[in-house]
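Sequence first, then the predicted structure:
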Protein chains: 2
Amino acid sequence: MTPFVRPQIAAMSAYVPGEQPREETITKLNTNENPYPCSPQVIEAITRACRNGLSRYPDPTASAFRAAASQLLGVPADWLLCGNGSDELLTIVTRALVDSGDCIRYPTPSYVLYRTLAEIQGADRQEVSFGSDWTLGKDFVAPSDRLRLVFLANPNSPSGTMIPPARVLEIAEALPCPLLVDEAYVDFADKNCIALVARCEKIIVTRSMSKSYSLAGLRFGYLVAQPHLIAQFNKVKDSYNCDALSIAGATAAISDQSWLDETRRRIIATRQRLAQGIQQLGFRTTPSQANFVWNTHPDVGVQPLYGRLKEQGYLVRYMHYPRWDEGLRISVGTEEQIDRVLALLEDAVRR
Amino acid sequence: MTPFVRPQIAAMSAYVPGEQPREETITKLNTNENPYPCSPQVIEAITRACRNGLSRYPDPTASAFRAAASQLLGVPADWLLCGNGSDELLTIVTRALVDSGDCIRYPTPSYVLYRTLAEIQGADRQEVSFGSDWTLGKDFVAPSDRLRLVFLANPNSPSGTMIPPARVLEIAEALPCPLLVDEAYVDFADKNCIALVARCEKIIVTRSMSKSYSLAGLRFGYLVAQPHLIAQFNKVKDSYNCDALSIAGATAAISDQSWLDETRRRIIATRQRLAQGIQQLGFRTTPSQANFVWNTHPDVGVQPLYGRLKEQGYLVRYMHYPRWDEGLRISVGTEEQIDRVLALLEDAVRR
């Protein structure tokens, strides 16, 4: 019995985030965190902000971050909205655009939060399957009554694949409603969709500082959209949604592009090493544009491999989708971590 | 024209937070911030958390804070939910309990966010006026179809007055739905409603670390409710709604009760000094249980006084309510700040 609660909330199962063991002995390669510490300038900026005190409310619109991001991205500051992680931005957009009884569309398999957001908002869900090559066909742009929002993780998880920007633009133009392009992993990709926002008012891009900037603990993301939409999203967000320390830290992070370039270079090199190594063990990998690799195996059941790795202190993500088989999504750690995972897998596969 | 946006969002005016000038020369007595720096243990805890790195996702349920708060409040840890400021907790509760077309009730004048939350959720608003003595009559518990949530700021703003816990319990028992008691200012009051949560499952209490703990910049609040409600609210919140630094800082803050006792003592003493001083200038003040005082004047228009103070670098809050007259809500600053405000007001009133 759940008195007082909206029926659709009572009926929901809670979103379960990836395992977050607190033990120091576990190497986490399951939630796509960055294995390297953030830019030292982030810590300096946070320390400075602490020295200025925390007694005052923070800047409601994170102007300092928007100024820095504006310059970097070549987008005016009033095209930017900052959030307490990009998850909060997905929530804000959903609440601004989607009424109870409206529809939300998203591809599967993809980020499971899209489903949760639709359920909380009381929206109908249109789940469109990726093709077996992780492309999206005509279904994804099919006309539909009350379709108000479409989500697209690009690069996608668990596949690490990307829909090319030209195709994203085609999709947006064919849709009757905004298309939120979730670029949480895009700093590890060759291309991105920021430039499309000016070309099509239906395109909204969200970004996260969690993965590429190594700031999952800080909770900071940003969104790019045309300013008339930003003005509406601002009505929905909590007044002081970003705290003073995350604003200071994220501003320092985005201002240190040489740190990002170096970290990205290392992670992409290790991603390549992981993909090649695991293919040599008979796995099939999907070419990844993100900081993880999706691996299936034609002959070996992979769930026991997940268990074996976990026993040895390496946590990866086991996923099973009826149409896409079961697989291991392995976050790109340090070179040493990946070499160790490959050695353990080799041992397990050869048994 | 606002394409794509829900009609009720398009029709809303955005919530405008109190003025937050960034100039160092302005003394802010307008948004009830704490004039003293937070406990040094907070800064130490944040520095320590930075040293551990920010690359990992934070604890989704802020267990360390809940353990500390549980001990202090005498409430089990699974009766507690942490939020990115208590504003976020109000948002979570609204989304969990209130459907589009349902009703939300709250007293006026009070915290204006209640109205905004109802508008965003597409709920009907039942605004019940306080009596001229800031009490609540039978209207506040009147039966009503689809009434799903009632807000009560206690102490209230701008009045600083409090509905006694025994009366709060009566109200909750008479209502058909949960009563959210917003205790943002309660650390400056003689009593609170935490003990009522165990007695009545309809009572939900929210608290803020912004005012009493001097952490407005950190964004951290908590909620106390019976565990079956907490479980539902957990479904609605973003997975990682509190960041690693705010969890560390808030945990240190609530663990340093000697800092809170001393700060509270100083603020209550200065509140008394402010009330007495301003009464001597012919103002009427409402006895305050918060860290601000509400002042009206029977003979003098107070809006020009607000302007005069602002010119001199002291920002207070001017408010005008048809049935409660116009007044100045003055946050309790340091003794020196309040003495200066009193001197400036004396000068202005005597002109």
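Now that the structure is in, tell me what you want to look at. Keep in mind that what you see is a predicted model, and the values were worked out from it rather than measured.

phi, psi of the most centrally placed residue in chain A?
Taking CA atoms, centre = their mean, the centroid of chain A lies closest to A:Ala184, which sits 3.4 Å from it. A:Ala184 adopts backbone torsions of phi -60, psi -30, taken as degrees, to the nearest 10.

Could you verify my assumption that it touches A:Ala153?
Yes: counting by CB atoms under 8 Å, A:Ala153 is a contact partner of A:Ala184 at 7.0 Å. The way it works is simple: take the backbone N, C-alpha and C, and place the C-beta from them, glycine included.

Give me the common contacts of these two.
A:Tyr111 (CB atoms under 8 Å, 6 or more residues apart in numbering or on different chains).

Pull the contacting residues for the residue nearest to the residue nearest to the centre of chain A when sequence neighbours are not counted.
Nearest non-adjacent residue to A:Ala184, counting by CB to CB, 6 or more residues apart in numbering or on different chains: A:Ser208, 4.2 Å away. Residues in contact with A:Ser208 (CB under 8 Å, 6+ apart) are A:Gly85, A:Ser86, A:Glu183, A:Ala184, A:Phe220, A:Gly221.

and those, which of them are in strands?
A:Gly221 (DSSP state E).

any chance of the contacts of A:Ser208 in JSON lines, plus pLDDT?
Shown next, in JSON lines, are the contacts of A:Ser208 (pLDDT from 0 to 100):
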{"residue": "A:Gly85", "pLDDT": "98"}
{"residue": "A:Ser86", "pLDDT": "97"}
{"residue": "A:Glu183", "pLDDT": "98"}
{"residue": "A:Ala184", "pLDDT": "98"}
{"residue": "A:Phe220", "pLDDT": "98"}
{"residue": "A:Gly221", "pLDDT": "98"}
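
Chain B: which of the contacts of A:Ser208 is nearest?
Of all the contacts of A:Ser208, chain B sits closest to A:Gly85, with 6.1 Å by CB to the nearest CB.

how deep is the closest one tucked in, by neighbour count?
30 (other CB atoms under 10 Å in any protein chain shown).

ok, it - contacts?
If you count contacts by CB under 8 Å, 6+ apart, A:Gly85 has them with A:Ser208, A:Ser210, A:Arg219, A:Phe220, A:Gly221, B:Asp238, B:Tyr240.

neighbour-wise, which of the residues you listed leads?
Going by other CB under 10 Å, A:Arg219 tops the contacts of A:Gly85 with 34 neighbours.

I'd guessed that one sits against B:Ser239; true?
No: counting by CB under 8 Å, A:Arg219 does not reach B:Ser239; the two are 10.4 Å apart.

and the next element down the chain from the helix or strand harbouring A:Gly327?
For A:Gly327, the host element (DSSP states H and E) is strand A:325-331. Counting by DSSP H and E, the element after strand A:325-331 in chain order, helix or strand, is helix A:335-349.

quick check, that following helix touching chain B?
No: applying CB under 8 Å from any CB of the partner chain, one finds helix A:335-349 separated from chain B by no less than 13.0 Å.

neighbouring contacts of that helix?
With contact meaning CB under 8 Å, 6+ apart, helix A:335-349 is reached by A:27, A:29, A:35, A:266, A:269-270, A:273-274, A:277-278, A:281-282, A:297, A:300, A:304-305, A:308-309, A:312, A:314, A:316, A:330, A:332-333.
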